[in-house]
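Novice: Structure of the sequence below:
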Amino acid sequence: MGYTEVYERSLADPEGFWMEAAEAIDWVKKPSKALFEANAPLYEWYKDAEVNTCWNAVDRHVAAGRGAQTAIIHDSPVTGIKQKINYSQLRSRVARLAGALRARGVEKGDRVIIYMPMVPEALEAMLACARLGAVHSVVFGGFAAHELAVRIDDCQPKAIIAASCGIEPGRVVHYKPLLDGAIEQSSHKPEFCVIFQREEEVAKLIEGRDYDWHAFQYGVEPADCVPVSGDHPAYILYTSGTTGAPKGVIRATAGHLVALNWSMKNIYNVNPGEAFWAASDVGWVVGHSYICYGPLIHGNTTIVFEGKPVGTPDAGTFWRVMSEHKVRSFFTAPTALRAIKRDDPKGELIKNYDMSHLRALYLAGERADPDTIEWAQRVMQVPVYDHWWQTETGWAIAGNPAGCEALPVKIGSPTVAMPGYDVRILDEGGHEVAPGTLGAIAVKLPLPPGTLPTLWNAEERFCKSYLNTFPGYYETGDAGMKDEDGYLWIMARTDDVINVAGHRLSTGAMEEVLASHPDVAECAVIGAADELKGQTPVGFLCLTKGVNRAHEEIVKECVKLVRDQIGPVAAFKLAVVVDRLPKTRSGKILRAIMVKIADSQSYKMPATIDDPAILDEIKSALQSLGLAK
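Specialist: Numbers count the residues shown, from 1 in each chain. Below is the predicted model of the structure:
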């Protein structure tokens, strides 16, 4: 069946579609049906099933005679370590860690926080929790003590599994003092901590509370997989909320298994045994879905990469990893490609590597501007598929189902809605708008399996955040439109649609135009408060390496470009050249903070910011434009 038939069937017969997809999973007790609607609008999938995630991600491949296949490749240019772990070894390591946790009292339903860098032990910790039916919550390694404390108090873990440190190019990030500070600040105290000591820094352990990773596991009885109900939380993953308090997104076990397994072939077009690489971090949703669980459930080889797209050692490191490990599908954020493009504008370094195994590049995490996509197509010589999803959904809302039917790429669009996602474009009153009209992107309930059923201990907040604005719909918080062919266009977060003299304009559309300028490597547009027009757009331009023309000239050309391509209605007159943009560690540009700086408002320093010093540079740049007074 082609995409249209598959998609239409998923909406017309969700029960049949998702029960069929569930046949690919090993169940302890099969579900009697797919969708449970008794608590609508809080829908649940496969609720009465019994299943274990770790069995499906590890043990079943060994049982099927594929234990010698590589499960994890750890490639760490920052430490010089490369290692391979096959499925049999992974099962032994995970069962032993799970046994040690069980011996210390960790049981089904207990929470465990994982605070680790990109090492295989992070995945082993996640899988060991899943083996016992414990609920893990991975917190990005190196998060500030206060932010870690907030998460400790919210999910109240019985244990914390951490590493002594993380390694960044040129520096060691000391995790243990941050962990100690967080436990000191939090009112809930974990019963014990397990510390994976790294050669680069051996942390001081607190007697009676902290255990060395290896000593902790010595002589224990390995644990078997514990069956859990289909609605049992596999994990809690915190995403930033508008109030500053983190929101604990829950992933229900059964739907998670079915959806991720379906996506590996149908979206990412990989077969069991092939290498798949998502260049992200286990602290983010991409790391959960497509470094740990998706590839392993499907029987792929997954790559755990500890490095950066540039500087470890150069802008060719991604090409080396793909070449060496024969990667079939590669998934990264556009910001990583922009960093490579900035250092190596012509893509010369890729010529040193054999990229013949690569089938496609997948982009997500932020808007992929056409200039970056065109550059990647030209340099990598493979299809480039933008796709769109969120921490909350756990897998793609929209994408190009290349393993089912590769659809024509429209640059700037993440293509079409995936099965189970009935995506609509709504006006402020909740009515559907005509094709080509900008509106709020919402998904008609129920959401498909694998998406969040609710928030951890915060059902009311879940409804308020996602369900109340448009009754009967999940509000994505993104703005965009659908064209005549049903292709989606994600233009901006809803709060990035600015109102200039009564005209609703997308900052994303302006960024697209600016990114097309040959000297611009990366850019951002925000709406600053304007007494006359309501808001006025402001552009920030990062230049490609080697450009040494006068900044005033480049700014003038960029202003003209926007005027020519979007029109005078955009009122685009203010732009400034900056060295870098403020971003989260996962690469998202912090536009909302930039707006607050421009409007001289106070703001809370985001926990996820990569480098707080950048905000001072942004303030200076805005002051040069007469803003941020």
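
Novice: State the paired neighbours of the lowest-mean-pLDDT helix or strand in the chain in the sheet, together with their directions.
Specialist: In the chain, no helix or strand scores lower on mean pLDDT, DSSP states H and E than strand 503-506, which sits at a mean of 73. Counting by DSSP bridges, the strands paired with strand 503-506 are strand 497-500 (antiparallel).

Novice: can you give me how far the strand it pairs with is from the chain middle?
Specialist: Averaging C-alpha positions (CA atoms, centre = their mean, to the nearest Å) puts strand 497-500 27 Å from its chain's average.

Novice: Glu552: how many residues sit nearby?
Specialist: By the criterion of other CB atoms under 10 Å, Glu552 has 9 neighbours. Bear in mind the C-beta positions are built from the backbone N, C-alpha and C, glycine included.

Novice: Over to it: give its phi and psi.
Specialist: For Glu552, the backbone dihedrals are phi -60, psi -40 (criterion: degrees, to the nearest 10).

Novice: Tell me the pLDDT of the residue in the chain sticking out farthest from the centre.
Specialist: Most distant residue from the mean C-alpha position of the chain: Leu532, 38.6 Å away (CA atoms, centre = their mean). Looking at Leu532, its pLDDT is 77.

Novice: What separation do you get for it and Val562?
Specialist: Remark: distance between Leu532 and Val562 (CB to CB, to the nearest Å) = 19 Å.

Novice: picking up where we left off before, in the least confident helix or strand of the chain, what's buried?
Specialist: By neighbour count on 16 or more other CB atoms under 10 Å, the buried set for strand 503-506 is Leu505, Ser506.

Novice: which residues are in contact with that strand?
Specialist: Residues outside strand 503-506 that contact it (CB atoms under 8 Å, 6 or more residues apart in numbering) are Leu438, Ala479, Met491, Ala492, Asp496, Val497, Ile498, Asn499, Pro537, Ile566, Val569, Ala570.

Novice: Next SSE downstream of the one helix or strand His256 maps to?
Specialist: Using DSSP states H and E, His256 falls within helix 253-266. Remark: after helix 253-266, the chain's next helix or strand is strand 275-278, criterion DSSP H and E.

Novice: what about that following strand, average pLDDT?
Specialist: Here the average pLDDT along strand 275-278 is 98.

Novice: which helices and strands sit right next to that strand?
Specialist: Secondary-structure packing of strand 275-278 (3 or more CB pairs under 8 Å, 6 or more residues apart in numbering; DSSP states H and E): helix 294-298, strand 301-305, strand 327-332.

Novice: So which of those is nearest Val202?
Specialist: strand 301-305 (21.8 Å; CB to CB).

Novice: quick one, the helix or strand following the closest one and strand 301-305 angle?
Specialist: Later in the chain than strand 301-305, the nearest helix or strand by DSSP H and E is helix 317-324. Between helix 317-324 and strand 301-305, the angle comes out at 150 degrees (axes from the mean of the first three to the mean of the last three CA atoms, to 10 degrees).

Novice: Residues touching helix 317-324, excluding its own?
Specialist: 75, 77, 277, 279, 303, 305, 307-310, 327, 330, 332, 336, 340, 349-350, 352-355, 357-358.

Novice: Likewise for stretch 173-190?
Specialist: 113, 115-117, 141-146, 148-150, 152-153, 156-160, 162-167, 193, 195, 201, 203-204, 206.

Novice: out of those residues, which are buried?
Specialist: Buried among the contacts of stretch 173-190 by 16+ other CB under 10 Å: 113, 115-117, 141-143, 145, 148-150, 152, 156-160, 162-167, 193, 195, 201, 203.

Novice: Could you tell me which of these are located in strands?
Specialist: Counting by DSSP state E, the buried ones among the contacts of stretch 173-190 place Ile113, Tyr115, Ala159, Ile160, Ala162, Ala163, Cys165, Gly166, Ile167, Cys193, Ile195 in strands.

Novice: Just the CA trace of the longest helix anywhere in the chain, in PDB.
Specialist: Determined from DSSP state H, the single longest helix within the chain is helix 87-103. Extracted as PDB, the C-alpha positions of helix 87-103 are listed here (Å, rounded to 0.1, in the frame of the first residue of the first chain):
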ATOM      1  CA  TYR A  87      23.000  -7.900  21.700                       C
ATOM      2  CA  SER A  88      24.200 -10.800  23.900                       C
ATOM      3  CA  GLN A  89      26.600  -8.600  25.700                       C
ATOM      4  CA  LEU A  90      24.000  -5.900  26.100                       C
ATOM      5  CA  ARG A  91      21.600  -8.400  27.600                       C
ATOM      6  CA  SER A  92      24.200  -9.500  30.200                       C
ATOM      7  CA  ARG A  93      25.100  -5.900  31.100                       C
ATOM      8  CA  VAL A  94      21.500  -4.700  31.400                       C
ATOM      9  CA  ALA A  95      20.300  -7.800  33.400                       C
ATOM     10  CA  ARG A  96      23.300  -7.400  35.800                       C
ATOM     11  CA  LEU A  97      22.600  -3.700  36.400                       C
ATOM     12  CA  ALA A  98      18.900  -4.400  36.800                       C
ATOM     13  CA  GLY A  99      19.700  -7.200  39.300                       C
ATOM     14  CA  ALA A 100      21.900  -4.800  41.400                       C
ATOM     15  CA  LEU A 101      19.100  -2.200  41.400                       C
ATOM     16  CA  ARG A 102      16.600  -4.800  42.500                       C
ATOM     17  CA  ALA A 103      18.900  -6.000  45.300                       C
END
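
Novice: and that helix, how far out from the chain's middle?
Specialist: On CA atoms, centre = their mean, the centre of helix 87-103 falls 27 Å from the chain's centre.

Novice: in the stretch 501-629 of the chain, which segments are predicted with low confidence?
Specialist: Low-confidence segments of the stretch 501-629 of the chain, defined by pLDDT under 70: 502, 504.

Novice: mind listing the strands for it?
Specialist: 503-506, 520-530, 534-543, 574-577 (DSSP state E, counting those that start in this stretch).

Novice: nearest to Asn271, of these?
Specialist: So among these, strand 520-530 is nearest, using CB to CB, at 35.2 Å.

Novice: picking that back up, in ChimeraX, select just the buried ones from the contacts of strand 503-506.
Specialist: Under the burial definition 16+ other CB under 10 Å, those of these that qualify are selected in ChimeraX by:
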select :438,479,491,492,496,497,498,537,566,570
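
Novice: of all the contacts of strand 503-506, which comes closest to Val513?
Specialist: For those, the nearest to Val513 is Ile566 (6.3 Å; CB to CB).

Novice: what's near enough to touch that closest one?
Specialist: Counting by CB under 8 Å, 6+ apart, Ile566 has contacts Leu505, Ala509, Met510, Val513, Phe572.

Novice: May I ask which of these has the most neighbours?
Specialist: Most surrounded of these: other CB under 10 Å gives Met510, at 28 neighbours.

Novice: who's the closest residue to that one other than its chain neighbours bridged to?
Specialist: Once flanking residues are discounted, Met510 sits nearest to Val525: 4.4 Å by CB to CB, 6 or more residues apart in numbering. Assessed by DSSP bridges, Val525 has beta-bridge partners Gly539.

Novice: Gly539 is in contact with Val525, correct?
Specialist: Yes - with contacts counted by CB atoms under 8 Å, Val525 reaches Gly539, the gap being 5.1 Å.

Novice: which residues do the two both contact?
Specialist: With CB under 8 Å, 6+ apart as the test, Val525 and Gly539 both reach Met510, Leu514.

Novice: if you count what's nearby, which of these two comes out ahead?
Specialist: For Val525 versus Gly539, neighbours defined as other CB under 10 Å are more numerous around Val525 (30 against 25).

Novice: and that one, what does it touch?
Specialist: Residues near Val525 by CB under 8 Å, 6+ apart: Thr507, Gly508, Met510, Glu511, Leu514, Pro537, Val538, Gly539, Phe540.

Novice: Looking at these, which is nearest His298?
Specialist: Using CB to CB, Gly508 is the member of the contacts of Val525 that sits closest to His298, with 32.6 Å.

Novice: Give me the neighbour count for that closest one.
Specialist: Using other CB under 10 Å, Gly508 has 23 other residues around it.

Novice: Thought Asp496 was touching it, still the case?
Specialist: Yes - using CB under 8 Å, Gly508 is in contact with Asp496, at 6.9 Å.

Novice: Understood, closing this out.
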